[in-house]
Structure formats: C-alpha cells, structure tokens
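S.K.: structure here, sequence nowhere to be found:
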C-alpha cells in the first residue's frame with residue numbers, strides 16, 4: 001500500500017488516456033473511481049475529477065475497453081469487456097486507499113451500479129450521474145423505439161456499420177461549450193471528445209448491460225447519490241427514479257438539476273455536481289460535512 005500523496009500514475013493507469021490525481025490531507029485515503037460513458041472518454045470526467053481532487057480525494061479515471069479509438073475498436077468489445085475494465089480499475093485503486101466511491105456518467109453510471117452489485121465488499125458508495133438504462137430523452141428519434149430488433153439484426157449480420165447519430169443539443173445546454181466539444185468530436189478527436197454516434201450493435205450491448213443491472217439493483221448495499229437533469233435530452237429523469245425504486249438495501253439520494261442536459265459533469269451546473277458529490281463522499285467516509293469545512297476550501301471547490 002502506498003501513501004496516496006506518493007502514488008505514481010504508472011502504478012494505476014494502464015492507458016495513456018487514463019489519469020490519476022493523488023489526494024492530500026485527511027481525505028487522501030478515500031478513493032474515487034470515475035467511469036466515463038459509452039463512446040465517451042476519461043476526459044469527460046476531468047472537471048469532476050479536478051473538483052474532487054481539490055477537496056483532497058484520490059481520483060482515478062478509468063478507460064473502458066474499445067474506447068478512445070475507432071468505431072471498429074468499439075465494435076470489437078461487448079458490455080462484459082467494459083465492465084471488466086471498470087472492475088480492473090477498481091481492483092488497482094482499492095488496495096491503495098481505505099475506501100472507494102465509484103462515480104459514473106451515463107452508461108458509466110450503469111457500470112458503477114454493476115460494480116456495487118458484483119463487488120459489495122469493494123464499493124463503499126456510488127455517484128450515479130445521468131444514468132441511462134433507456135434512451136428516452138426528448139431528442140431521441142422515434143425509430144429508436146424499435147431497438148428491440150437489434151439482437152435479430154446482429155444475428156443476421158445486418159447493420160454493423162450503422163450508427164445512431166446524436167442530435168443537437170448533444171447533451172449540453174451551454175451553447176459555447178457545446179460548439180467547442182462538437183467541433184472536436186466531428187474533427188475525429190475521439191480520445192478527447194468521444195465518437196459522434198453510437199453504433200447499432202454497441203447500443204445492443206448497452207441494452208443488455210442495463211437489463212442485467214436493473215434486475216439486480218436490490219443487490220446494491222452501498223449508498224447511492226443519483227444526480228440527473230430534469231430535462232435530460234438523452235435519458236429522462238425516470239432513469240434516476242428507477243434507481244430510487246430498485247435499490248432497497250441502501251439509502252438513495254436523488255437530486256434533479258434544472259439548468260443542464262445530459263452531460264452534467266461539464267454543463268452549466270457542474271459546480272453543483274462537484275459540490276454534491278464531495279458532500280456525499282464525505283458522508284460515506286465519515287468526514288465532517290463540507291458546510292463545516294474552512295471557507296478557503298469551499299472556495300477551492302468552485303472550479304469551472
């Protein structure tokens with residue numbers, strides 16, 4: 001076991017896109033594993049990571065198998081590979097700290113819940129951000145209601161190269177930020193901004209993962225903080241309410257945001273997301289509430 005302040009990213013990170021921010025002070029021995037979404041990258045978790053790191057936590061953003069590369073790289077993986085990446089990251093971080101809270105965005109939140117179901121002795125809390133069990137947001141096209149035919153199409157070898165393209169506002173309410181991210185995404189910078197669409201076959205994998213996790217929510221024993229945009233354009237707030245109904249052996253806190261869309265870790269209310277996650281992790285770790293912390297520390301959390 002290393003002292004968190006002396007942790008070397010080479011001990012934990014296994015790809016050049018992953019990053020580790022060693023903690024400091026009394027919160028350093030609390031680890032936060034961050035899991036990005038489907039077609040996303042560790043980079044989309046960076047603002048949240050920096051905010052939690054300023055609070056003193058040790059933060060590690062893992063990269064899922066098949067991501068940060070080409071569409072073919074993604075199509076070569078299944079949901080079990082994504083879960084294996086998240087689990088391996090958990091197992092690398094866990095021995096270096098006293099407790100771990102897993103935070104995920106979108107499909108990453110589903111994976112965070114899967115880890116809580118599968119590894120109850122290693123997950124002390126879950127931050128489920130914009131959880132997506134179903135594509136049912138207000139920008140999702142009508143034809144996606146026929147996604148139930150995807151397994152048949154895949155068995156027939158149909159649609160391997162077809163993609164479900166994301167639509168404006170691309171999960172981001174802040175227009176200036178949206179233009180910046182979409183430009184990087186369309187320019188092909190997948191390691192920074194992710195892919196511009198979701199391959200049909202990958203959506204099928206996501207549906208299989210979601211079905212498994214929903215069925216097993218009662219197995220979650222770690223407290224959960226679910227944060228969701230009330231007007232999420234990709235996944236309605238009903239997805240977060242599914243967690244509140246399904247997790248019965250641990251407390252669930254539900255926070256709905258009014259000025260963000262799906263990408264709440266980068267959108268207008270990202271500071272609120274950081275602050276509420278930090279408060280939740282403090283409670284999991286048995287630390288004094290943030291409200292009682294020094295004013296200077298609270299000011300540091302106001303990152304953007």
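M.R.: Yes, it's here. Since this is a predicted model, take the numbers as computed values, not measurements. Numbers count the residues shown, from 1 in each chain.
S.K.: what's the per-residue pLDDT of the spatially most distant residue from the centre of the chain here?
M.R.: In the chain, the residue that sits farthest from the middle, by CA atoms, centre = their mean, is residue 156; the gap is 32.1 Å. Residue 156 carries a pLDDT value of 71.
S.K.: and if you look at residue 180?
M.R.: 84.
S.K.: a strand runs through it, doesn't it?
M.R.: No - counting by DSSP: H, G, I helix; E, B strand; the rest coil, residue 180 falls outside a strand, being helix.
S.K.: for it, what are its contacts?
M.R.: For residue 180, the contact set (CB atoms under 8 Å, 6 or more residues apart in numbering) is empty. C-beta: built from backbone N, CA, C; applies to glycine.
S.K.: for the protein, just list every one of the helices.
M.R.: All helices of the chain, identified by DSSP state H, fall at 9-12, 46-54, 71-75, 79-93, 107-118, 150-155, 175-186, 190-193, 200-215, 238-246, 270-285, 295-300.
S.K.: compare the mean pLDDT across those helices and name the weakest.
M.R.: Looking at those, the bottom one is helix 295-300 with a mean of 40.
S.K.: neighbours around residue 31, how many?
M.R.: The tally of other residues near residue 31 (other CB atoms under 10 Å) stands at 29.
S.K.: was I right about it contacting residue 93?
M.R.: Yes - in this structure, residue 31 is within contact of residue 93 by CB atoms under 8 Å, at 4.9 Å.
S.K.: pull up the overlap in contacts between these two.
M.R.: Joint contacts of residue 31 and residue 93 (CB under 8 Å, 6+ apart) are 58, 60, 100.
S.K.: across the sheet, point out what pairs with the last one.
M.R.: Beta bridges link residue 100 to residue 31, judged by DSSP bridges.
S.K.: kindly report the same for the second one.
M.R.: Residues found in beta-bridge contact with residue 60 (criterion: DSSP bridges) are residue 20, residue 33.
S.K.: give the contact list for it.
M.R.: 12-13, 18-21, 31-34, 89, 92-93.
S.K.: and for the last one?
M.R.: For residue 100, the contacting residues are 30, 31, 32, 33, 90, 93, 94, 122, 123, 124, by CB under 8 Å, 6+ apart.
S.K.: how about 7 Å then?
M.R.: Applying CB atoms under 7 Å, 6 or more residues apart in numbering to residue 100 gives the contacts 31, 33, 90, 93, 94, 122, 123, 124.
S.K.: same thing with residue 268?
M.R.: 173, 174, 259, 260.
S.K.: which one (most neighbours) among these?
M.R.: residue 260 (28 neighbours).
S.K.: would you quantify the distance from residue 14 to residue 88?
M.R.: Between residue 14 and residue 88 the computed distance is 8 Å (CB to CB, to the nearest Å).
S.K.: got it, and residue 203?
M.R.: 24 Å.
S.K.: with neighbour numbers in mind, choose between those two.
M.R.: residue 203 (19 against 13).
S.K.: for that one, which non-adjacent residue is spatially closest?
M.R.: residue 164 (6.0 Å; CB to CB, 6 or more residues apart in numbering).
S.K.: same question, residue 163
M.R.: Computed as CB to CB, 6+ apart, the closest residue to residue 163 that is not its neighbour in sequence is residue 197, at 3.7 Å.
S.K.: identify the bridge partners of the one you found.
M.R.: residue 165.
S.K.: that one contacts residue 164, doesn't it?
M.R.: Yes - look at residue 197 against residue 164 with CB atoms under 7 Å: they come within range, at 6.0 Å.
S.K.: next, count neighbours for residue 211.
M.R.: Neighbours around residue 211, by other CB under 10 Å: 12.
S.K.: how about residue 245?
M.R.: 10.
S.K.: now swap in residue 197 and tell me
M.R.: 16.
S.K.: tally of neighbours for the nearest residue to residue 79 once chain neighbours are set aside?
M.R.: Counting by CB to CB, 6+ apart, residue 79 lies nearest to residue 209, which is 3.8 Å off, once chain neighbours are set aside. Residue 209 sits with 21 neighbouring residues when counted by other CB under 10 Å.
S.K.: the one 4 residues further on too?
M.R.: Other residues within reach of residue 213 by the criterion other CB under 10 Å amount to 28.
S.K.: which ones are touching it?
M.R.: 110, 113, 114, 117.
S.K.: want to throw those residues into CSV with neighbour count and distance to residue 220?
M.R.: Shown next, in CSV, are those (neighbours: other CB atoms under 10 Å; distance: CB to CB, whole Å):
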residue, neighbour count, distance to residue 220
110, 27, 12
113, 30, 6
114, 27, 10
117, 21, 6
